[in-house]
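K.L.:
Take a look and give me a structure for this.
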Amino acid sequence: MSAIKVLFVTTEIAGLAKAGGLGEVSAGLPPALRQRGIDVRLLMPGYRAVLARLPSIDWGEDLPGRAAIPAGRLGTALLPDGSVLHLVAQPALFERAGTPYCTPEGRDWADNHLRFARLSLAAADIAAGRAGLDWVPDIVHANDWPGGLTPAYMRWDGTSMPTVLTIHNIAYQGNFDAGQRHLLGIPDAAFDVNGVEFHGQVSFLKAGGFYASHVTAVSPTYAREITTEPLGAGLHGLMGGRAASGELSGIVNGIDDSWDPGSDPHLPHHFDPDDLHGKHANADVVRTGLCLRPSDGPLFGIVSRLVHQKGLDLVAEAANDIVDQGGQIAILGLGDPEIEHMLSRASRRHRDDIGVLIGFNEPMARRIVAGSDFTLMPSRFEPCGLTQMQAQRYGALPIAHATGGLADTIADGTTGFLFSTLSPDGLMAACHRAFDAFGDAARLEEMRRAAMARSFGWAAAAAEYEALYRRLLGRPAVLGSAPARAVVMEEAA
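P.N.:
Okay, here's the model as predicted:
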């Protein structure tokens, strides 16, 4: 039987262009799928930075435009891991400074609707065999709102092929003025509650969520949460309907193999569960780097975007209690100025015990995770989360709100501490449990060993996606392949 061919549509790939977790997924999942014998190719915009980083690009045929979406060109490059990458080149849309989504000043590009409609239309052209390639996928896997029009264009064009949309964060929806729909080639009949219309606007994410053959979220708990009004961001009805039809799944992301405390090149001191001297030495490096006093107490680490979602205002309120009990806090991140100032004020109150570094630095991020005894993650919601998996690999037991992927990847009382009440008191109750474990050397060692023994690689997720692809294509499962753990959330109805 021939290999399944998958077109993976993304706006980010770590190492080329990255703004968030999608970049890590795009760099980790496709190679893991290839290891399972799946012929997966990636499609992303030809950003200026990406074109500059690729040594060789084979430029093919022109891509037709539609309505106000300009024509483009398709390029092909080979990534170092052997993955085939197709690039949508359109200089006026993509060759500019800034992030994949924002200007250098941090504002959304005013033409993002055209930019990502161009990406989605290119995916639809490849699926229909209109892109001049000698390769046509069996299934198209789009990601988040920028890829949301992909299943829609395919449906409107009559391309009969299964599609998957993965929602990494339902709060980001790609909603635009209804007047833009004609510029995007959206049929009038599709501007409907059963289509792309969302509170009088055009919603890219709703389009994908409605037209895709199957929707996945990045953890089983998050897949259930987005069917509820508090966490469904207005799309809970649509997601609940998809779940009731068995068309919504939750599949946990993975982390890459570089998260190994025994070989991480960013760490000045390596360690393993049998010899934690290197972990303690990394903690001293972190304390020195953040001008904290020497201490034998626990170090609580935070490596995060400093935004409301992450619940770090709870940390600011709990900081006095953590320090009073002998703890210290090391914080690295960048984000909302209000949250930054809140944490900086806490640091000024406790100069010797709370260090804040505003910005992002990969070596320092890894050193904080490696040196910490505990990792604070009081997120209001967390679709999947990567830090809690990285922290467990490094023996930094996570203290987290029991939501989304945090609930799915932390074993409460075994590899970390979960709390259900989202409040400073709820956080501190979990911190008290952590202090108790820190004071019990045998229990702390047992928990660290359990955490560091966990495997969060991409193999499990790849097996689940393969099972989903095969089900959508009506192909039998490969003998011995792992079934999807969270597939088909009928119980969420």
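K.L.:
in stretch 425-440, what counts as buried?
P.N.:
Of the residues in stretch 425-440, those scored as buried under the neighbour-count criterion (16 or more other Cβ atoms under 10 Å) are 426-428, 430-431, 433-435, 437-438. All C-beta spots, glycine's among them, are computed from the backbone N, C-alpha and C.
K.L.:
quick one: which of these is nearest Val315?
P.N.:
Distances from the buried residues of stretch 425-440 to Val315 were compared by Cβ to Cβ; the smallest belongs to Leu427, at 7.2 Å.
K.L.:
What are the contacting residues of the helix or strand hosting that closest one?
P.N.:
Assigning secondary structure by DSSP states H and E places Leu427 in helix 424-438. The list of residues contacting helix 424-438 from outside it, by Cβ atoms under 8 Å, 6 or more residues apart in numbering, reads 297-298, 300, 311, 314-315, 317-318, 321-322, 325-327, 373-374, 376, 378, 397, 399-401, 413, 417-421, 443-444, 447.
K.L.:
Output it as CSV - backbone C-alpha positions only.
P.N.:
Output in CSV follows, covering the C-alpha atoms of helix 424-438 (Å, rounded to 0.1, in the frame of the first residue of the first chain):
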residue,chain,number,x,y,z
PRO,A,424,-3.8,33.1,44.9
ASP,A,425,-5.1,30.8,47.7
GLY,A,426,-5.4,27.9,45.2
LEU,A,427,-1.9,28.5,43.9
MET,A,428,-0.5,28.8,47.5
ALA,A,429,-2.2,25.6,48.5
ALA,A,430,-0.3,23.8,45.8
CYS,A,431,2.9,25.6,46.7
HIS,A,432,2.5,24.4,50.3
ARG,A,433,2.4,20.9,49.0
ALA,A,434,5.6,21.6,47.1
PHE,A,435,7.3,23.0,50.2
ASP,A,436,6.3,19.9,52.1
ALA,A,437,7.8,17.7,49.3
PHE,A,438,11.0,19.8,49.3
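K.L.:
Would you indicate which residues of the following helix or strand past it are buried?
P.N.:
Following helix 424-438 in sequence order, the next helix or strand is helix 441-452 (DSSP H and E). For helix 441-452, a neighbour-count test (16+ other Cβ under 10 Å) marks 444, 447-448, 450-452 as buried.
K.L.:
And the residue lying closest to Asn253 once chain neighbours are set aside, what's its pLDDT?
P.N.:
Counting by Cβ to Cβ, 6 or more residues apart in numbering, Asn253 lies nearest to Cys384, which is 4.6 Å off, once chain neighbours are set aside. Per-residue pLDDT puts Cys384 at 96.
K.L.:
What count of nearby residues applies to Cys384?
P.N.:
Per other Cβ atoms under 10 Å, the neighbour tally for Cys384 reads 27.
K.L.:
does it count as helix, strand or coil?
P.N.:
Using DSSP: H, G, I helix; E, B strand; the rest coil, the three-state assignment for Cys384 comes out as coil.
K.L.:
ok, it touching Gly405?
P.N.:
Yes: between Cys384 and Gly405 there is a contact under Cβ atoms under 8 Å: 3.6 Å.
K.L.:
ok, Arg448 - contacts?
P.N.:
With contacts defined as Cβ under 8 Å, 6+ apart, Arg448 is in contact with 273, 276, 395, 397.
K.L.:
mind redoing it with 7 Å?
P.N.:
Applying Cβ atoms under 7 Å, 6 or more residues apart in numbering to Arg448 gives the contacts 273, 395, 397.
K.L.:
Out of these, list just those in strands.
P.N.:
With DSSP state E as the criterion, strands contain Leu397 from among these.
K.L.:
and of the contacts of Arg448, the nearest to Glu105?
P.N.:
Within the contacts of Arg448, distances to Glu105 taken as Cβ to Cβ reach their minimum at Leu397, with 38.7 Å.
K.L.:
Name the helix or strand for Gly355, please.
P.N.:
When secondary structure is defined using DSSP H and E, the element that contains Gly355 is strand 354-358.
K.L.:
Tell me the buried residues in that strand?
P.N.:
Judged by neighbour count (16+ other Cβ under 10 Å), strand 354-358 contains these buried residues: 354-357.
K.L.:
ok, which stretches of the stretch 1-150 of the chain are helices?
P.N.:
Taking DSSP state H, counting those that start in this stretch as the test, the helices found in the stretch 1-150 of the chain are 21-35, 48-53, 91-94, 112-127, 149-156.
K.L.:
what does the stretch 251-400 of the chain give?
P.N.:
Going by DSSP H, counting those that start in this stretch, the stretch 251-400 of the chain shows helices at 277-289, 312-324, 337-349, 362-371, 387-393.
K.L.:
winner for burial among those?
P.N.:
For the helices of the stretch 251-400 of the chain, average neighbour numbers computed from mean count of other Cβ atoms under 10 Å are highest in helix 387-393, which has a mean of 25.
K.L.:
okay if I get the buried residues of helix 441-452 as JSON lines plus pLDDT and distance to Pro80?
P.N.:
Below are those laid out as JSON lines (pLDDT from 0 to 100; distance: Cβ to Cβ, whole Å):
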{"residue": "Leu444", "pLDDT": "98", "distance to Pro80": "39"}
{"residue": "Met447", "pLDDT": "98", "distance to Pro80": "37"}
{"residue": "Arg448", "pLDDT": "98", "distance to Pro80": "34"}
{"residue": "Ala450", "pLDDT": "98", "distance to Pro80": "34"}
{"residue": "Ala451", "pLDDT": "98", "distance to Pro80": "31"}
{"residue": "Met452", "pLDDT": "97", "distance to Pro80": "28"}
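K.L.:
burial count for Pro55?
P.N.:
The tally of other residues near Pro55 (other Cβ under 10 Å) stands at 7.
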